[in-house]
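> structural data only, the sequence is not supplied:
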């Protein structure tokens, strides 16, 4: 993997760059649709490529490990072939899913023992076998195994957890570096900064992560319930430390406003289930603000979903029709809303990139923040 920094915004820390992988280029800033179980829910791969214009998607190690399992993944020749997706894939390490299994897992130095949410069977994730699993899934970008701490989090727990994440990272790197790329293309490993919302821990973790000199770096343990201001504060501390010549990935973030603010802080890559999950519940993101399509006010509104939209569904279907589908619980409603939201998120990061290159990002962002915060 290679990263080229193309342009920096003169009034913020925003950057435009290009990540090069064997499955193609990723122009940053970028939003990555979440394909948890070898699918971005409700969207065909051809729609992801041609309509949403996704450049990279995210796969979930925990879910793919449990189902379909690594035997099937190996026989298929990896996730790209299994789901017929020829662009880059990033896999998370399963650390967040293990964190979310509160009451069903135990975390110790060896790794994390957990019970499957599917059948209750017992499993162990270690830094070593998580590297092996992600190699077998075949991701272009592989994430280190970490512990995601809750919010709020006791300082002592956060500190101990951070140091364990650093020890786990050393084991991840040793295993990754002692094994070969699979399926004939190169794979790369990103470490993850932790430290909860404590400034000194985030600083320590960013310095430690940077010392491993991997091809890219990630920031984890945010967007877990902390106020937005604390998220931004942590990101600003971390991006001041992480090397400028490597991509920075903020995991699991967030709203359109979160994404714009974090781009301004020097973040390059984002993922979040919000555009897909909220779409299925009737919440649409647009350039003018947020729409709850279930509201009665849209019942006889025969205007396009978003006149300024970037997806064919925005001009092809009306608000009244989409409201009917969503309130009738028709699957097509969720599909249309998902396509719209994903296309909007990717438009937002692409437009941010264009504004950075043009030198107009700062003023454009101020205008967009006001618009995106509105409820329509």
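Structure received. As the structure is a prediction and not an experimental result, all values here were calculated from the model. Numbers count the residues shown, from 1 in each chain.
> flag every buried residue along the helix or strand where residue 333 lies.
In the assignment (DSSP states H and E), residue 333 maps to helix 331-358. The neighbour-count check on helix 331-358 (16 or more other C-beta atoms under 10 Å) flags 333-353, 355-356 as buried. Yep, even glycine has a C-beta here, placed from its N, CA and C like the rest.
> just stretch 158-172 next, same as before
So, applying 16+ other C-beta under 10 Å, buried residues of stretch 158-172: 158-159, 161-162, 164-166, 168-169, 171-172.
> any residues touching that stretch, and which ones?
109, 111, 126-128, 130-131, 144-147, 149, 153, 189, 191-192, 194-196, 198, 201, 204-205, 208-209, 212 (C-beta atoms under 8 Å, 6 or more residues apart in numbering).
> from the residues you listed, which would you call buried?
Here, 16+ other C-beta under 10 Å leaves 111, 126-128, 130-131, 144-147, 149, 153, 189, 191-192, 194-196, 198, 201, 204-205, 208-209, 212 buried among these.
> which ones among these are found in strands?
The members of those that map onto strands under DSSP state E are 189, 192.
> contacting residues around residue 126?
Applying C-beta under 8 Å, 6+ apart, we find residue 126 in contact with 110-111, 145, 171.
> can you pick out the most distant pair from those residues?
110 and 145 (11.4 Å; C-beta to C-beta).
> run through the stretch 201-350 of the chain and note the low-pLDDT ranges.
Applying pLDDT under 70 to the stretch 201-350 of the chain flags no residue at all.
> what about the nearest residue to residue 287 once chain neighbours are set aside, which SS state?
Closest residue to residue 287 apart from its sequence neighbours, by C-beta to C-beta, 6 or more residues apart in numbering: residue 308 at 5.1 Å. Classification of residue 308 by DSSP: H, G, I helix; E, B strand; the rest coil places it in coil.
> burial of residue 308, as a residue count?
The burial count assigned to residue 308 is 12, neighbours taken as other C-beta atoms under 10 Å.
> which non-adjacent residue is nearest the residue of the chain most remote from its centre?
Most distant residue from the mean C-alpha position of the chain: residue 300, 35.8 Å away (C-alpha atoms, centre = their mean). The shortest distance from residue 300 to any residue other than its chain neighbours is 5.7 Å, reached at residue 320 (C-beta to C-beta, 6+ apart).
> and the one you found, how far is that from residue 51?
22 Å (C-beta to C-beta, to the nearest Å).
> that'll do, ta.
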